[in-house]
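A.B. asks: Sequence plus the predicted model coming up.
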Amino acid sequence: MSAAARTPRVRVLVVCDEAVASDIESGVFNLEGVRQHLIGGPFPWRAPLTLFLVLSSARKGSYTGNVVVVDDESDHTIRYAHFQATFQDDNEVLPLCVDLGECEFPQAGSYSVQVWFSPPTGRDVLKAEQPFYVFDNQE
């Protein structure tokens, strides 16, 4: 079985300003400032971001994951966040918020948000990647 098959699937990946769990209903989240891009400047520009994920796994267990924000032009990692996803049952769907903190974007341009999982044996597996654009408001 491949390493990709032994790790959870990413069903939903949303970049937002904040994801807040509902106080009254389990498994419900309010996403604020859902983004496909960011407008900023002067550079470097800092912005606090959160990643909202919906994961699924065929097998119960605990899985180690990482979110990496990469500058596509330089291939340099600008942000790295570690998370743990724990599935109590087989075939469970799990909502998960990953606080990326303040991301510092060195310039306007194209970035990638990547979600990786580490299988028990073998190399890390890229499970999701989404483009994210930063525009210069000074132009």
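C.D. replies: In hand now; what should we look at?
A.B. asks: wait, doesn't Pro8 sit right on Thr86?
C.D. replies: No: Pro8 lies out of contact with Thr86 (CB atoms under 8 Å); the separation is 10.4 Å. Every C-beta, even on glycine, is put in place using the N, C-alpha and C of the backbone.
A.B. asks: Which of those two has more residues huddled nearby?
C.D. replies: Using other CB atoms under 10 Å, the more surrounded residue of Pro8 and Thr86 is Pro8, with 24 against 12.
A.B. asks: could you list every residue that touches that one?
C.D. replies: Applying CB atoms under 8 Å, 6 or more residues apart in numbering to Pro8 gives the contacts Leu55, Ser56, Ser57, Tyr63, Gly65, Ala85, Phe87, Leu94, Phe117, Lys127.
A.B. asks: Now pLDDT, neighbour count and secondary structure too, for these, in CSV please.
C.D. replies: Converted to CSV, the contacts of Pro8 look like this (pLDDT from 0 to 100; neighbours: other CB atoms under 10 Å; DSSP: H, G, I helix; E, B strand; the rest coil):
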residue, pLDDT, neighbour count, secondary structure
Leu55, 98, 25, strand
Ser56, 97, 14, strand
Ser57, 96, 21, strand
Tyr63, 96, 20, strand
Gly65, 97, 23, strand
Ala85, 97, 19, strand
Phe87, 97, 19, strand
Leu94, 96, 17, strand
Phe117, 97, 24, strand
Lys127, 97, 18, strand
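A.B. asks: Run through the neighbouring helices and strands of the helix or strand that contains Thr77.
C.D. replies: Taking DSSP states H and E as the definition, one finds Thr77 inside strand 76-87. With contacts taken as 3 or more CB pairs under 8 Å, 6 or more residues apart in numbering; DSSP states H and E, strand 76-87 sits against strand 45-57, strand 61-71, strand 92-105.
A.B. asks: remind me which residues of this structure are low pLDDT?
C.D. replies: 1-4, 139 (pLDDT under 70).
A.B. asks: The same query, at a cut-off of 80, please.
C.D. replies: 1-5, 138-139 (pLDDT under 80).
A.B. asks: Right, I'll leave it there.
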